[in-house]
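Trainee: need a 3D model of the sequence below.
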Amino acid sequence: MRPSLALSIGAIAAIALGVPLALAPAAMLSAFGLPAPDEALILSRDAGVLLIGLGIIDWMAREAVGAPLRGLLWGNIAIRVGEIVNNGWAIATGIIPSSAAGGLIIPIGLIVIFALAL
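Mentor: As a prediction, this is how the structure comes out:
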């Protein structure tokens, strides 16, 4: 896969998740069956803003080559692996309902996309 396409897909995915997390965190948390205390809303907004930033970085760096490109791709893979470990652990320990396991499909797909672009 062309790295520019992988980074474009990653950018769109990051922004598509980041915007609702930043603007409607309570709705996003409730979609996963989680309560939305103020502390969770703050952290969800922070995560949303970080994802928007990642999306902008990926989008603006689509034409990167060499070491910077590898850094972007490996960084994106690391983020998604961390997401899978974190959410997988939360599902396995019952912190979030097992119905949320379907949400792991997107980061798994993104890992494949970024790996193919390496």
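Trainee: just give the closest residue to the residue sitting nearest the centre point of the chain, not the sequence neighbours.
Mentor: The residue lying closest to the centre of the chain (Cα atoms, centre = their mean) is Ala14, at 5.4 Å. Using Cβ to Cβ, 6 or more residues apart in numbering and skipping residues adjacent in sequence, the residue nearest Ala14 is Gly55, 3.6 Å away. C-betas here are computed from N, CA, C, even on glycine.
Trainee: what residues does whichever strand or helix holds the one you found touch?
Mentor: Secondary structure assigned from DSSP states H and E places Gly55 in helix 38-60. The contact list for helix 38-60, computed with Cβ atoms under 8 Å, 6 or more residues apart in numbering, reads 7-8, 10-15, 17-23, 25-26, 28-29, 34, 36, 72, 76, 79.
Trainee: go on, stretch 86-95?
Mentor: With Cβ under 8 Å, 6+ apart as the test, stretch 86-95 has contacts from Ile96, Pro97, Ser98, Ala100, Ala101, Gly103, Leu104.
Trainee: of those, which is the nearest to Arg2?
Mentor: Sorting these by how near they are to Arg2, with Cβ to Cβ, puts Leu104 at the top with 25.5 Å.
Trainee: for the closest one, give its distance to Ala47.
Mentor: 16 Å (Cβ to Cβ, to the nearest Å).
Trainee: which parts of stretch 20-28 are buried?
Mentor: Across stretch 20-28, burial judged by 16 or more other Cβ atoms under 10 Å covers Leu21, Ala22, Ala24, Pro25, Met28.
Trainee: show the end-to-end separation of it, please.
Mentor: Using Cα to Cα, to the nearest Å, the end-to-end distance of stretch 20-28 comes out at 7 Å.
Trainee: what's the weakest-modelled helix or strand in this structure?
Mentor: The weakest-scoring helix or strand in the chain, judged by mean pLDDT, DSSP states H and E, is helix 25-31 (a mean of 92).
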